[in-house]
Structure formats: C-alpha cells, structure tokens
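Colleague: my questions concern the predicted model and sequence given below.
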There are 2 protein chains.
Amino acid sequence: MQRYSKLFGKTNKEAKEFDSINATLLQKSGFINQEMAGVYTYLPLGLKVISKIENIIREEMDKISNEILMPSISPTNIWEITGRLDSFDVILKASGGNKLSKEGSEGEYILNPSHEEIVTPLAKEYNSSYKDLPFAIYQIQTKFRNEKRPKSGLLRGREFIMKDLYSFHKSKKDLEEYFDNVKEYYWNIFKKLELENDTVEVLASGGDFTKNYSTEFQVRCNTGEDSIYYDSKNNIYYNEEIVPKDLRESTKPVKASEAANIFQIDTKYSKPFNYLFKDENNKNKEVYMGCYGIGISRLMGIIVEKFNDKNGIVWPKSIAPYDIHIINVGNENLDIVTKIAEKLEKEGKSILFDDRENISIGEKLQDADLIGIPLRILVTKRSLESGGVEIKKRNEEEFNIFPIDKIKY
Amino acid sequence: MQRYSKLFGKTNKEAKEFDSINATLLQKSGFINQEMAGVYTYLPLGLKVISKIENIIREEMDKISNEILMPSISPTNIWEITGRLDSFDVILKASGGNKLSKEGSEGEYILNPSHEEIVTPLAKEYNSSYKDLPFAIYQIQTKFRNEKRPKSGLLRGREFIMKDLYSFHKSKKDLEEYFDNVKEYYWNIFKKLELENDTVEVLASGGDFTKNYSTEFQVRCNTGEDSIYYDSKNNIYYNEEIVPKDLRESTKPVKASEAANIFQIDTKYSKPFNYLFKDENNKNKEVYMGCYGIGISRLMGIIVEKFNDKNGIVWPKSIAPYDIHIINVGNENLDIVTKIAEKLEKEGKSILFDDRENISIGEKLQDADLIGIPLRILVTKRSLESGGVEIKKRNEEEFNIFPIDKIKY
C-alpha cells in the first residue's frame, strides 16, 4: 500500500497550463514533470501507468516473438549504409565528451530514432537459414527524435518510449500474411486499453521508413494532431497526406491521434546490409522485413486526452496507477482504514491510501478526482456507524454505503 | 515455456574471444551481442537476467523510496550550473539533427552520465518543507559515458544500465544515519545475488561526484579492474587510489570489481540549484543529499566472472534466465517431455526446452553447460523405462534418476 503522505510528486493544482490536455492534467495530478520541451520525468504515479501499458503490450508480443533490448546509441556508419544519416531529418548525433571531442569519428554516435539499422545486421548474424525463418523480435526502448517543435505533451516528444517489433520472412507473401496476423495482436492491446471502439486502421505514407504505404492505428480524438478521411464505398480510412483528391473534397475529415504504425519494409534494409538467407537448395535469397511500432508514452497521452472530465483524469481500469484510492476522513479511524486496506491488498488489489492529516475531505476528494483512480473508498464516521464504507466509482456521482466484510473489487 | 528451437540468439561456440571472460561467455552462449566497443544488445536470455537483477534491486529499493524515471537527455545549462559540463570528462553531447544543427544551442543536449543535475531541481520543485524531509527517490535508467577505452565486456561500457537512488535530508546527521541504513538494503541485494561472501565495503575517492570519500561495494574477483587493500587493525578496506602509503607498502592488494558506489554529496548539488527547505519556524535551511548507485549490467558481468567453469556460465538461481533446462533425447518422447514441462510450469517454474531435432545429445549438453541454467532435466529412453527423468544440477557431475510424479523444484 502506498501512503499518499509518503508519495513523491503530489498534485499541484496551480501547475501551469500546457498546450494540451494531457500535459496539463498529468502535470497537475503528479504523474509527469516536464524537464524541457518534449522531455519528461515520469513521477511514481506516471511510471506505474507506463509499466502497466508496457506489460499489456509485452503480454501480446510475447505470443509471437522474443523480447530483446538494443542500445540507444549506434555507430554512424550503419546509418550511412542505408542513407538515413542524411535523410532522417530529426536524427540526433552525439559526440565525444570533453577529452574525446577532438578525436573525430571515434567519438561520434547516433542517438537511435528507430532501430532498423541495428536489428537488420543483428538478425543476419544469428538467423540466415531457411530453417530460422520466419521469426520476429521486439524491444521496449527509448527513442530520440529532435522534433523542431515538440508539442501536445506526451504526443510528440524528443525522447519517448516505444515498442518496436521486427519480422523476417522468406517471401513477400509470408510477410503479408504475418503482417495481417500482427494486426490481431494489436487489436488485443487496444481492447485491453479500452480504446478499441475509437481506434481505426488508416492507410498512410511510409514516411522515413518505406515507399510502401503503412497502416496506422489512429484513435479518434478531438484534440488529435491528424486528420483522417473515410471512404465508405471501399471501407478504407486514409491519412490526410495520401487521401485521394475526390475523397478530400467530398468527405469531412475526422480528428485522430496516431497510436501505432506498422510497415512492410520489404527488402529496403536487408538489401543494403546484404542480409540473405540460404534456402533448401543452399541458394541465397532475399529476406523480407516488417516493422511494427506502438508509442507507449504517446498512448499514455492519448488515453488522458480521451478519458478525462472537468475534474481530472478517469483512468481505464487496466492501466490505473492503483486499483483503489482509499480516503480517510479524520484521524480517529486510522486503524480500521489500515485494516481495510490490508484486507484488499491480500486479495491482490493495489492501494493508494490518502492518510494525510490536516487536509480537508474536500481537498482529498478533489485530489482523487484529479488522479483518476477508478474506484474510491471513503471511510467516514457515518459509514462506520452503518457498519460499512462508502464506495464510489470515479465516473459516478454518488457514494454508496457498503458492508466492510463484503468488500470485493 | 520457451522452445529453444524458437529462441532468437542461440549459442555460438565459434564466436570470437573478447578481452574478458564475461564478454566471451555471454556472447558465446547467446546472452549479448556486441554492437560496438562498450555497447551491447541484450538478447532474450540476457534480457531475462537483466530483468531479474532489476527486480531484486527494485524489491529492496521500494522499501525505502519511490521509483521514478528521469530522461536520458537534458539541457546543457543545468550542467553549467554545477560546473560538470567541463569537469565530467566522459560526458557526451548530442546535437541537433540535420535540419537543426545550424540553429545552435536549441538543439544541444547532454546524454546524462548521471542524474544529480536532473534530480536536484526536481526534488526542489515538489518537496521543500521540513514536513517532506527526509525522502528518497530512485530510478533504473540507461547511462552514457564516453569511456576512452571501454573494456572488460559489461564491466565498463559506454552505454550501461544503472539503479540510482537519491536521498534528501534536513541535516548532515540525518544523512549519515540514512546512509548507513541504505547499506543494509544493499547487503540484502548482494545476498540475493549470492555475492555476499565475496563483497566488501571499500573506502574510495568521490570521483566526479564529491570531495568526500565514497563507499564502494567491491566484489573480490581475480579478473577485477580494481585493487583494494585491507587495514586489519582498523578493519577497513581502501581503494588503491586513496590507500595510505604505509599500508600500500605493508599489505598485498586484492583484485576486485566495483558493483556499487554510494556517496554523501552533502550540499554540493543543492547549493548551486539553491535547493533549501523551510524549517518549523519558516526559515530557509540547506538540504543535504546522498546518492547511491548500483551497476545493473555491470553486475551481470561480475556474476559471470565469478560463476563459471571451463564449460560455461553457472548462474545463481535467483537470476538464471530460466529455472529449469529440459532436454529431449530423440523425438519419440516429445509428448511426455511436453507434459513434464507443463506440469513444472503450473508449479510456477520457468522452462527452457531444448526441443531441437537432429541435434546430438552431446551438443545439447554442451549448450546447456554454456547457458548455465542451474537445474537440468534429461528425458531419455533409459530414464523413462525406470519411470523417471534424469536430473542434474549445473555444478554437479552426475545425473540422477528421479520419479516423474515427484518432480518438484
């Protein structure tokens, strides 16, 4: 059980207003702290949400691949091989510290904005027989992109957390089948995050990654940074950047925010690294690749944009920092409240316990609204006289008296 | 259960020899892959070990502090405030990508080699009343240091994983008491890693962090990079860099490897950031700080240096990538073996199952030795005829027949 009095990063209702709902609410409620434009610290509550999103994603990805962890820095030469050293416009270069700065390239690295240049030679090193293919590996790792104008809180950062999966195939056909299969696991993730009804697959440009179209998972959201167009005849959503002219003129765009993006990158990276596999006849053949991203910190931002009301955040149950927010009114019942909290913990629930003295019940309830834990238990003199506690869901108005011995989540 | 046939990153007995046992064994057994000097990818087996070490550390740190996650990049100006922009000789600077490189400081960051410059203003922002103190926060985060000659595998990397805890106090006395208290939790960690008998507290220089002495946790290790001297009269170990002259001449040094380092940094960082707290009388007073590191990837390297034999790694049970390595001999018993593996999984054990076809039992046993999982189960025709399986510990010679229905870990 986490006592709120001992939690680092309490609510700060006077915190400044940002240009986005997610940054403003997350900063006021003590989930994140902005360090500079597009760069944030995750405070204890925020880190718990990030970990829960990561574990939901991990659970699905582990069904189809192995988790690895590639480094954040890489040598510049592998980015020359693919030509992205010059073409990736937000790439950051790190150079060599005080003593090394005059020594040239030995001290020059890339702060990886993506990992195709690292994963392709790695896969080649270990798996180059037809017996090894197809296979997939993924990681959860920090990415760096020097966005000119980072904005919208966690939606566009210079440093952000991503899951990236890479798949490797004997043929374009096998890649296409796998690509469709991955979508199923992505939908499982969006279901667990309670986003499935507002998410759509959208055809988009391949950006810095491929000349093929990519498939984005866009979450409909009034404050989203993207505009998508629905072609009802063919049941296809298009991103604004590639929408056909006639459709743009005939249909109203919908605002949405990109949560994930998956690409068939074919042989774009295997070719320059000369990644071939030996087939059954010991002949060298081209390896086809797919890559599949999900923005983890970005998802946290999108979820706050979607799930909030005038009083604060309303977390989906699966990623709330704690299951239950217990609030003590007055200090005389501290023993009973502690026992209730311990009972619920034994049943596997995680508890945030607002044990602060000399803070009014009104302020505690305001803080609980801001923090947004889905279930709240209030222990008052009145409720104890009725042999119970008061229970309220975050998105309901009324507290209901509930017998202590029947508390179940 | 992980089928070895589907695991990314198999053993490679032909992999090159590195300058250290840990790099050589970890690369040959498929735990890590070197990307460049001092920079590694953690393959699936290696990442499992890293996660287990992290969770052991987390379990202890959560008892005394809250976990947060600070960013990897920071603005250069905060490093000017403390003077470490010039004095920290392995600091890496990142600059602005292709389009931003000409715009000057807007695109210039530090790749954090440590986090005092980030945590001090953060703590000041949230906790500046006597009621808030003392408190502590920690993170598990990647650090970047541009070592001139990275060496010894995971012992000295350019990119590495660390746990860093920071504590904040009303007085030097309170810091001193807390500092001694943290040592207890560190010892719990070393116990769980089976390193407690070979670890000693060593007085050392404060390096880039403080002019005070620091306390290192050094693991005695023939291949260690440090030399420590024991002063038996006062029962103190000294690091070579600060050992008194008479002691250096009278005592033989012992080789050791630094696993952790803790510092009383007093007001060195709170002063330049003007971090004061208000006491009971509303007067401003100085905040005293401690910082407490443990090298996570480094610990993985040290453990391999300590726990190995001529055939491979011998993991301590608490951090082995899997609890049990099951080996199938021939393919006719695949069903029985799968059932045994499932039974053990239900009992909460994690299983690596070498299900490869057309690989000899000799090669499978060699791979199992290299990988170093503490318990091994071999299912052979002979053992099944006796109604059992063959069980062997990694560090024992003989297999023993064991009844299938009594298998317990």
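Modeller: Yep, it's here.
Colleague: so where's the stretch 101-250 of chain A shaky on pLDDT?
Modeller: Counting by pLDDT under 70, the ranges of the stretch 101-250 of chain A that qualify are A:101-106.
Colleague: what about 90?
Modeller: Within the stretch 101-250 of chain A, the stretches with pLDDT under 90 are A:101-108, A:147-152, A:156, A:205-212, A:223.
Colleague: what about the strands in the stretch 101-250 of chain A?
Modeller: Under the criterion DSSP state E, counting those that start in this stretch, the stretch 101-250 of chain A carries strands at the ranges A:108-111, A:135-144, A:159-169, A:199-204, A:214-220, A:226-231, A:236-239.
Colleague: burial measure for the residue nearest to residue A:119 when sequence neighbours are not counted, as a count.
Modeller: Sequence neighbours aside, residue A:166 is the residue nearest to residue A:119 in space, at 4.8 Å (criterion: C-beta to C-beta, 6 or more residues apart in numbering or on different chains). No exception for glycine: its C-beta is placed from N, CA and C like everyone else's. Neighbour count of residue A:166, defined by other C-beta atoms under 10 Å in any protein chain shown: 25.
Colleague: what's near enough to touch residue A:166?
Modeller: For residue A:166, the residues meeting the contact criterion (C-beta atoms under 8 Å, 6 or more residues apart in numbering or on different chains) are A:115-116, A:119, A:123, A:136-138, A:289-292.
Colleague: nearest to residue A:197 among the residues you listed?
Modeller: The closest of the contacts of residue A:166 to residue A:197 turns out to be residue A:292 (C-beta to C-beta; 22.1 Å).
Colleague: quick check: which element contains that closest one?
Modeller: Applying DSSP states H and E as the criterion places residue A:292 in strand A:288-295.
Colleague: now the strands of the stretch 101-250 of chain A as a markdown table including distance to residue B:13?
Modeller: Listed next are the strands of the stretch 101-250 of chain A as a markdown table, based on distance: least, C-beta to C-beta, whole Å:
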| stretch | distance to residue B:13 |
| --- | --- |
| strand A:108-111 | 31 |
| strand A:135-144 | 21 |
| strand A:159-169 | 24 |
| strand A:199-204 | 45 |
| strand A:214-220 | 40 |
| strand A:226-231 | 50 |
| strand A:236-239 | 49 |
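Colleague: that older thread, gap between the residue nearest to residue A:119 and residue A:362?
Modeller: For residue A:166, the distance to residue A:362 under the criterion C-beta to C-beta, to the nearest Å works out to 52 Å.
Colleague: equivalent analysis for residue A:83, please.
Modeller: Going from residue A:83 to residue A:362 by C-beta to C-beta gives 60 Å.
Colleague: what about the helices in the stretch 151-300 of chain A?
Modeller: Defined through DSSP state H, counting those that start in this stretch, the helices belonging to the stretch 151-300 of chain A, from first to last, are A:172-192, A:245-250, A:296-306.
Colleague: elements contacting the longest one?
Modeller: Right, the one you point to is helix A:172-192. Using 3 or more C-beta pairs under 8 Å, 6 or more residues apart in numbering or on different chains; DSSP states H and E as the contact criterion, the secondary-structure elements in contact with helix A:172-192 are helix A:44-61, strand A:159-169, strand A:214-220, strand A:254-266, strand A:288-295.
Colleague: just give me the closest of the contacts of residue A:166 to chain B.
Modeller: Checking the contacts of residue A:166 against chain B by C-beta to the nearest C-beta gives residue A:137 as the nearest, at 5.1 Å.
Colleague: dump the residue contacts of the closest one.
Modeller: Contacts of residue A:137 by C-beta under 8 Å, 6+ apart are A:65-68, A:119, A:123, A:165-166, B:8, B:44.
Colleague: if you set the cut-off to 6 Å instead, what comes out?
Modeller: A:65-66, A:68, A:166, B:8 (C-beta atoms under 6 Å, 6 or more residues apart in numbering or on different chains).
Colleague: geometric centre of chain A: which residue is closest?
Modeller: residue A:296 (1.6 Å; C-alpha atoms, centre = their mean).
Colleague: okay, and the beta partners of the nearest residue to it once chain neighbours are set aside?
Modeller: Setting aside the residues directly before and after it, residue A:296 is nearest to residue A:161 in space (C-beta to C-beta, 6+ apart), at 4.2 Å. Residue A:161 has the following beta-bridge partners by DSSP bridges: residue A:142.
Colleague: burial count for residue A:161?
Modeller: The burial metric for residue A:161, expressed as a neighbour count using other C-beta under 10 Å, is 22.
Colleague: right, and it touches residue A:298 too?
Modeller: No: when contacts are counted by C-beta atoms under 6 Å, residue A:161 is not listed as touching residue A:298 (8.4 Å).
Colleague: what residues does chain A put near chain B?
Modeller: Proximity of chain A to chain B is assessed by C-beta under 6 Å from any C-beta of the partner chain, with A:8-9, A:35-36, A:39, A:41-44, A:47, A:66-73, A:75, A:89-100, A:111, A:126, A:137, A:142, A:146, A:159 identified as the residues in range.
Colleague: among those, which are in strands?
Modeller: In strands, defined here by DSSP state E, the members of the residues of chain A next to chain B are A:35-36, A:39, A:41-42, A:66-67, A:73, A:75, A:92-95, A:111, A:137, A:142, A:159.
Colleague: buried among the residues you listed? Need that as a selection in PyMOL.
Modeller: With 16 or more other C-beta atoms under 10 Å in any protein chain shown as the burial test, the buried ones among those are selected in PyMOL as follows:
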select buried, chain A and resi 35+36+39+41+42+66+67+73+75+92+93+94+95+111+137+142+159
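Colleague: would you mind measuring from the nearest residue to residue A:113 once chain neighbours are set aside to residue A:185?
Modeller: In space, not counting the residues next to it along the chain, residue A:113 is nearest to residue A:145; the distance is 4.7 Å by C-beta to C-beta, 6+ apart. As defined by C-beta to C-beta, residue A:145 lies at a distance of 25 Å from residue A:185.
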